[in-house]
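> I would like to see how this sequence folds:
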Amino acid sequence: MNEELNIMQNKSIVLIDGVCHLCQGLLRFIIPRDPKAKFLFAPLQSEIAAKLMSEAGLQPGKLNTVVLLENGVYYTESAAVLRIARRLRWPWPAAYFFIVVPRPIRNILYRYVARNRYRWFGRDEQCLLPTPEIKQRFL
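Residues are numbered from 1 along each chain as shown. The predicted model follows:
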(Lines give C-alpha, C1' and ligand atoms only; values in the text may rest on other atoms or scores of the structure.)
Protein backbone atom coordinates (compact mmCIF):
# COMPACT_ATOMS: atom_id res chain seq x y z
CA MET A 1 0.00 0.00 0.00
CA ASN A 2 2.86 2.45 0.74
CA GLU A 3 4.18 1.90 -2.78
CA GLU A 4 0.73 2.76 -4.16
CA LEU A 5 0.61 5.93 -2.03
CA ASN A 6 4.01 7.03 -3.40
CA ILE A 7 2.80 6.46 -6.97
CA MET A 8 -0.30 8.55 -6.27
CA GLN A 9 1.65 11.69 -5.29
CA ASN A 10 1.30 14.46 -7.88
CA LYS A 11 -1.35 12.47 -9.73
CA SER A 12 -5.08 12.84 -9.91
CA ILE A 13 -7.09 9.72 -9.23
CA VAL A 14 -10.27 8.91 -11.11
CA LEU A 15 -12.59 6.36 -9.52
CA ILE A 16 -15.12 4.89 -11.93
CA ASP A 17 -17.81 2.23 -11.83
CA GLY A 18 -15.75 -0.68 -13.11
CA VAL A 19 -18.73 -2.59 -14.54
CA CYS A 20 -20.42 0.32 -16.34
CA HIS A 21 -19.81 0.56 -20.09
CA LEU A 22 -20.24 4.36 -20.06
CA CYS A 23 -17.66 4.67 -17.29
CA GLN A 24 -15.30 2.34 -19.12
CA GLY A 25 -15.80 4.54 -22.17
CA LEU A 26 -14.85 7.59 -20.10
CA LEU A 27 -11.65 5.84 -19.10
CA ARG A 28 -10.90 4.94 -22.75
CA PHE A 29 -11.58 8.58 -23.65
CA ILE A 30 -9.27 10.02 -20.99
CA ILE A 31 -6.20 7.84 -21.51
CA PRO A 32 -5.26 8.87 -25.08
CA ARG A 33 -5.99 12.54 -24.26
CA ASP A 34 -3.74 12.40 -21.20
CA PRO A 35 -0.29 11.72 -22.72
CA LYS A 36 1.53 12.92 -19.58
CA ALA A 37 -0.38 10.34 -17.51
CA LYS A 38 -1.70 12.91 -15.02
CA PHE A 39 -4.54 10.55 -14.12
CA LEU A 40 -4.49 7.20 -12.36
CA PHE A 41 -7.59 5.02 -12.21
CA ALA A 42 -9.34 2.57 -9.93
CA PRO A 43 -12.76 0.97 -9.99
CA LEU A 44 -15.18 2.14 -7.32
CA GLN A 45 -15.54 -1.54 -6.41
CA SER A 46 -11.83 -1.90 -5.47
CA GLU A 47 -10.27 -1.96 -2.01
CA ILE A 48 -8.11 1.09 -2.75
CA ALA A 49 -11.21 3.09 -3.82
CA ALA A 50 -13.03 2.06 -0.65
CA LYS A 51 -10.04 3.16 1.44
CA LEU A 52 -9.69 6.50 -0.37
CA MET A 53 -13.41 7.24 -0.12
CA SER A 54 -13.59 6.27 3.56
CA GLU A 55 -10.67 8.60 4.32
CA ALA A 56 -12.62 11.41 2.62
CA GLY A 57 -15.83 10.68 4.51
CA LEU A 58 -17.55 9.34 1.39
CA GLN A 59 -19.57 6.14 1.64
CA PRO A 60 -18.06 3.38 -0.49
CA GLY A 61 -20.70 1.35 -2.28
CA LYS A 62 -23.27 4.13 -2.08
CA LEU A 63 -21.89 6.45 -4.73
CA ASN A 64 -23.40 6.51 -8.20
CA THR A 65 -20.82 8.87 -9.67
CA VAL A 66 -17.33 9.32 -10.97
CA VAL A 67 -15.00 10.52 -8.21
CA LEU A 68 -11.91 12.63 -8.79
CA LEU A 69 -9.25 13.04 -6.11
CA GLU A 70 -7.10 16.03 -6.95
CA ASN A 71 -4.62 17.64 -4.55
CA GLY A 72 -6.35 16.07 -1.56
CA VAL A 73 -9.81 17.31 -2.58
CA TYR A 74 -12.60 15.01 -3.77
CA TYR A 75 -14.93 16.00 -6.60
CA THR A 76 -18.01 14.10 -7.74
CA GLU A 77 -20.64 14.29 -10.46
CA SER A 78 -20.33 17.16 -12.97
CA ALA A 79 -17.53 18.87 -11.03
CA ALA A 80 -15.37 15.76 -11.41
CA VAL A 81 -16.06 15.44 -15.14
CA LEU A 82 -15.35 19.11 -15.83
CA ARG A 83 -12.15 19.07 -13.79
CA ILE A 84 -10.99 15.99 -15.70
CA ALA A 85 -11.72 17.70 -19.03
CA ARG A 86 -9.73 20.73 -17.89
CA ARG A 87 -6.54 18.64 -17.63
CA LEU A 88 -6.84 16.83 -20.95
CA ARG A 89 -5.27 17.76 -24.27
CA TRP A 90 -6.87 20.64 -26.25
CA PRO A 91 -9.78 21.19 -27.08
CA TRP A 92 -11.21 19.45 -24.00
CA PRO A 93 -10.12 22.08 -21.45
CA ALA A 94 -12.60 24.45 -23.14
CA ALA A 95 -15.42 22.31 -21.67
CA TYR A 96 -14.43 23.64 -18.26
CA PHE A 97 -16.32 26.79 -19.24
CA PHE A 98 -19.49 24.96 -18.11
CA ILE A 99 -18.30 25.27 -14.51
CA VAL A 100 -20.05 28.68 -14.58
CA VAL A 101 -23.40 26.85 -14.75
CA PRO A 102 -24.59 26.43 -11.16
CA ARG A 103 -23.73 22.99 -9.78
CA PRO A 104 -27.36 21.98 -9.04
CA ILE A 105 -28.30 22.59 -12.67
CA ARG A 106 -25.25 20.72 -14.02
CA ASN A 107 -25.91 17.82 -11.68
CA ILE A 108 -29.54 17.41 -12.78
CA LEU A 109 -28.27 16.30 -16.20
CA TYR A 110 -25.41 14.30 -14.68
CA ARG A 111 -27.76 12.38 -12.37
CA TYR A 112 -30.23 11.68 -15.18
CA VAL A 113 -27.49 10.03 -17.24
CA ALA A 114 -26.09 8.23 -14.16
CA ARG A 115 -29.50 6.75 -13.31
CA ASN A 116 -29.94 5.41 -16.85
CA ARG A 117 -26.37 4.45 -17.75
CA TYR A 118 -26.77 0.68 -17.36
CA ARG A 119 -29.94 0.65 -19.41
CA TRP A 120 -28.52 2.86 -22.17
CA PHE A 121 -24.93 1.64 -22.31
CA GLY A 122 -24.93 -1.76 -20.57
CA ARG A 123 -22.80 -3.28 -17.86
CA ASP A 124 -20.43 -6.17 -17.27
CA GLU A 125 -20.60 -8.83 -14.59
CA GLN A 126 -17.07 -8.01 -13.43
CA CYS A 127 -14.82 -4.97 -13.45
CA LEU A 128 -12.86 -3.94 -16.51
CA LEU A 129 -9.49 -5.65 -16.72
CA PRO A 130 -6.87 -3.20 -17.97
CA THR A 131 -4.83 -4.10 -21.00
CA PRO A 132 -1.05 -4.44 -20.57
CA GLU A 133 -0.59 -1.01 -22.24
CA ILE A 134 -2.63 0.81 -19.59
CA LYS A 135 -2.16 -1.45 -16.57
CA GLN A 136 0.42 0.89 -14.97
CA ARG A 137 -2.27 3.61 -14.85
CA PHE A 138 -4.43 1.51 -12.49
CA LEU A 139 -4.09 1.39 -8.73
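> this protein: strands as residue ranges?
Taking DSSP state E as the test, the strands found in the chain are 12-16, 39-43, 67-70, 73-76.
> so which of those is the most packed in?
Highest mean neighbour count of these: strand 12-16, a mean of 24 (counted as mean count of other CB atoms under 10 Å). Bear in mind the C-beta positions are built from the backbone N, C-alpha and C, glycine included.
> what about the helices in this structure?
Remark: helices assigned in the chain by DSSP state H are 2-8, 21-30, 47-55, 77-86, 103-121.
> now these as a markdown table including mean neighbour count?
Formatted as a markdown table, the helices of the chain follow (neighbours: other CB atoms under 10 Å):
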| stretch | mean neighbour count |
| --- | --- |
| helix 2-8 | 10 |
| helix 21-30 | 17 |
| helix 47-55 | 16 |
| helix 77-86 | 20 |
| helix 103-121 | 13 |
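> can I get those in CSV with mean pLDDT and distance to residue 137?
Listed next are the helices of the chain as CSV, based on pLDDT from 0 to 100; distance: least, CB to CB, whole Å:
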stretch, mean pLDDT, distance to residue 137
helix 2-8, 49, 10
helix 21-30, 85, 9
helix 47-55, 85, 13
helix 77-86, 94, 14
helix 103-121, 89, 22
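> of these, which is nearest residue 92?
Closest approach to residue 92 among those is made by helix 77-86 (4.6 Å; CB to CB).
> show me the contact partners of that closest one.
Helix 77-86 has contacts (CB atoms under 8 Å, 6 or more residues apart in numbering) with 12, 14, 26, 30, 39, 65-68, 70, 75, 92-93, 95-96, 98-99, 103, 106-107, 109-111, 114.
> coming back round to it: the helices of the chain: which one's closest to residue 136?
Closest to residue 136 of those is helix 2-8 (CB to CB; 8.9 Å).
> returning to what we had before: Throw the strands of the chain into CSV and include distance to residue 84 and mean pLDDT, thanks.
What follows is the strands of the chain, written out as CSV (distance: least, CB to CB, whole Å; pLDDT from 0 to 100):
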stretch, distance to residue 84, mean pLDDT
strand 12-16, 6, 91
strand 39-43, 7, 90
strand 67-70, 6, 91
strand 73-76, 9, 90
